[in-house]
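Asker: the sequence isn't on hand, but the structure is:
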C-alpha cells in the first residue's frame, strides 16, 4: 500500500464512527467503508485481479463504489473511471484503455464483474508497473472535440490530500469520472467529512438534500447555477446551512455570478479551477461577485504565455493514451485556457479551442453569452461557430426562452441588444430557437465549433 493511502486509512480509523457518506438518505460510517474495502480486496484477489491489472469501474457514487475504488488502488490496479452517462461510449473506452476487467455497480449497490479481451501494453502503463504504483484513467469531457484518455499516477494525484484542511459536509455533484468529482471525494475523505450523494441533479433534488442533510459546501458548474436561479427551488427549502458555493468546469457568466451572489448573500462564492490533466488547484476568489481568481498552492505553479495559462503540478498526468503530450520541454502543461492577468489574479476568458475566428477576429463564446443572458426572458444560451465561405466562421447561438414568447420578435430583440453591446463580428448571424434543454456533459455546455 502506498504511503498516501495508508495516511487516508489511518484517518478513516480515527473517524470510524463519523458519517462518511449519505446514500439514498442513509448514513454510512467510515468503519463501513473500511470493512467494505477489505471485503472487495479479498474478492479481487480471489478473482486474480492483481497489481497492474487494468480495471474499468462503472459506477455512480455509493458506499460500494467508494470501497471498490479504494480497494483497486490498494491492489495497485489501474482504474478506468466510468459513470453511468458514459455507457454509450463504453466499447470505444474499453479499446482505448485496454481494459482487462469491467466492474459495474448497479443501483442497488451490487457488484458485477466482466472479463474483457484486451491486453494492456501501453508505455504509460509500463511506467506505472515499473513504479509499482496504482493508476487512474479519466476521459476528458470532449465538449469541443475528441475525448482524450488521461493517465495519472494515483500516488501523485492524491498527494495534495496529505495535508488536513476543513471538515465540511459537502454535496457530491460531479460524477466520479470527472476530475472535479474525484477531488470532491478525496477532499471529503481526507478530512473525515461527510459526502452527501444525490439520485439526480435537478435543482429541487439538490435543495432538498442541502436542507435535509445540512450541507455546507455545494460544488457545481455555472450552467447548473443558472438553472438553480431560474427554477427558484431555493425559495422552497431552508438552505441556511450552506456556507460555500464553489463553481468551475466552464466559464462563469458574470450576470449569473452577480445574481447568485445577490440571491445567497450569506454564502461565500469561490471559483475553482482544474483540468483533467493536472488535477484541481487551490484557489481564492477576489470577492464572491468577482470573476478574478488567484490560483496556486504548494503543489502547483502557474504562468501565462501569450495569453494562455500554463500549469506545472506534482499531480500532472503521465500523458494521454490516445494523443501526443501537451507538455512543454520544461514540463509545463498548456491548458488551452486564455486568461487576463491583473496582479496575482486571473480572469478565465474561455478555451482557445472554442474561439470562433470571424474574418481574422477572435470571438470568445462566453463573452457573447454574457451579453445575451442579460436579456429578460432568456433561460439558457449556447454560442458556437459555423463555417462560412466568406468569413471562415460566423457566430451562432442556440437559445431557450424562460417563458412562452414570439420567437421571430424575440430574436430581433436579441440581435438589436447584441449590436448595442458587442463589436459587429461578435453579433450572432444565426439564432436557433430550442424548446428543450441544451446538450450538457457533466452540466457543462457542449459546443460544436
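Answerer: Arrived safely. If you're wondering where the values come from, they're calculated on a predicted model, not measured in any experiment.

Asker: buried set for the longest helix anywhere in the chain?
Answerer: The longest helix of the chain (DSSP state H) is helix 30-46. For helix 30-46, a neighbour-count test (16 or more other C-beta atoms under 10 Å) marks 30, 32, 33, 34, 36, 37, 40, 41, 44 as buried. For the C-beta atoms, the positions are set from N, CA and C on the backbone; glycine is no exception.

Asker: who's in contact with the third one?
Answerer: Put plainly, it is residue 33. By C-beta atoms under 8 Å, 6 or more residues apart in numbering, residue 33 lies in contact with 12, 20, 21, 63, 66, 67, 70.

Asker: keep only those of those residues that are in helices.
Answerer: Judged by DSSP H, the contacts of residue 33 include 12, 63, 66, 67, 70 as members of helices.

Asker: mind picking the two most distant members of these?
Answerer: Farthest pair in the ones in helices among the contacts of residue 33 (C-beta to C-beta) is 12 and 63. Separation: 12.9 Å.

Asker: show the average pLDDT along stretch 123-135.
Answerer: Averaged across stretch 123-135, pLDDT comes to 97.

Asker: ok, stretch 247-254 next?
Answerer: Averaged over stretch 247-254, pLDDT sits at 85.

Asker: for the residue nearest to residue 269 when sequence neighbours are not counted, what is the enclosing helix or strand?
Answerer: In space, and not counting its chain neighbours, residue 269 is closest to residue 288: 4.0 Å by C-beta to C-beta, 6 or more residues apart in numbering. Using DSSP states H and E, residue 288 maps to neither a helix nor a strand.

Asker: got it, and residue 419?
Answerer: Element membership of residue 419, judged by DSSP H and E, is helix 407-421.

Asker: check which residues of whichever helix or strand comes after the longest helix of the chain are buried.
Answerer: The helix or strand immediately downstream of helix 30-46 is strand 54-58, counting by DSSP H and E. For strand 54-58, the neighbour count (16+ other C-beta under 10 Å) marks 54, 55, 56, 57, 58 as buried.

Asker: nearest residue to residue 218 other than its sequence neighbours?
Answerer: Excluding the flanking residues, the one nearest residue 218 by C-beta to C-beta, 6+ apart is residue 245, at 4.9 Å.

Asker: contacts only, for the residue nearest to residue 269.
Answerer: Going by C-beta under 8 Å, 6+ apart, residue 288 touches 261, 267, 268, 269.

Asker: which of those residues sit farthest apart?
Answerer: 261 and 268 (9.5 Å).

Asker: tell me, what residue is most central in the protein?
Answerer: Closest to where the C-alpha atoms of the chain average out (C-alpha atoms, centre = their mean) is residue 180, at 3.9 Å.

Asker: surely it is within a strand?
Answerer: No: under DSSP: H, G, I helix; E, B strand; the rest coil, residue 180 falls outside any strand and is assigned helix.

Asker: for it, give its distance to residue 358.
Answerer: 32 Å (C-beta to C-beta, to the nearest Å).

Asker: buried sites along the next helix or strand after the helix holding residue 419?
Answerer: Toward the C-terminus, helix 407-421 is succeeded by strand 430-433 as the next helix or strand (DSSP H and E). Buried positions in strand 430-433, judged by neighbour count with 16+ other C-beta under 10 Å: residue 431.

Asker: can you list the strands that strand 430-433 pairs with?
Answerer: Looking at strand 430-433 with DSSP bridges, its partner strands are strand 392-401 (parallel).

Asker: now do the strand it pairs with and helix 407-421, the angle between them.
Answerer: 120 degrees (axes from the mean of the first three to the mean of the last three C-alpha atoms, to 10 degrees).

Asker: circling back to that earlier point, now the residue nearest to residue 218: phi and psi?
Answerer: Main-chain dihedrals, residue 245, degrees, to the nearest 10: phi -110, psi 120.

Asker: in terms of pLDDT, where does residue 72 sit?
Answerer: With respect to pLDDT, residue 72 has a value of 98.

Asker: can you pull the contacts of it?
Answerer: With contact set as C-beta under 8 Å, 6+ apart, residue 72 has these partners: 44, 49, 55, 57, 79, 134.

Asker: quickly find the element holding it.
Answerer: In the assignment (DSSP H and E), residue 72 maps to helix 63-74.

Asker: past that helix, which element shows up next along the chain?
Answerer: With DSSP H and E, the next secondary element past helix 63-74 is strand 78-82.

Asker: what's the average pLDDT for the helix or strand following that following strand?
Answerer: Once the chain leaves strand 78-82, the next helix or strand it forms, by DSSP H and E, is helix 90-97. The average pLDDT for helix 90-97 rounds to 88.

Asker: can you list the buried residues in helix 90-97?
Answerer: Neighbour-count burial for helix 90-97, counted by 16+ other C-beta under 10 Å, picks out 93, 94, 96, 97.

Asker: with stretch 415-422 instead?
Answerer: Under the neighbour-count criterion of 16+ other C-beta under 10 Å, stretch 415-422 has 415, 417, 418, 422 buried.

Asker: now the residue nearest to residue 181 when sequence neighbours are not counted: how far from residue 217?
Answerer: Spatial nearest neighbour of residue 181, chain neighbours left out: residue 174 (3.6 Å); criterion: C-beta to C-beta, 6+ apart. As judged by C-beta to C-beta, residue 174 and residue 217 stand 13 Å apart.

Asker: repeat that for residue 66.
Answerer: For residue 66, the distance to residue 217 (C-beta to C-beta) stands at 18 Å.

Asker: quick one on the thing from earlier: could the buried residues of stretch 415-422 be laid out in JSON lines, adding pLDDT and distance to residue 348?
Answerer: Shown next, in JSON lines, are the buried residues of stretch 415-422 (pLDDT from 0 to 100; distance: C-beta to C-beta, whole Å):
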{"residue": "415", "pLDDT": "92", "distance to residue 348": "27"}
{"residue": "417", "pLDDT": "93", "distance to residue 348": "24"}
{"residue": "418", "pLDDT": "92", "distance to residue 348": "22"}
{"residue": "422", "pLDDT": "90", "distance to residue 348": "19"}
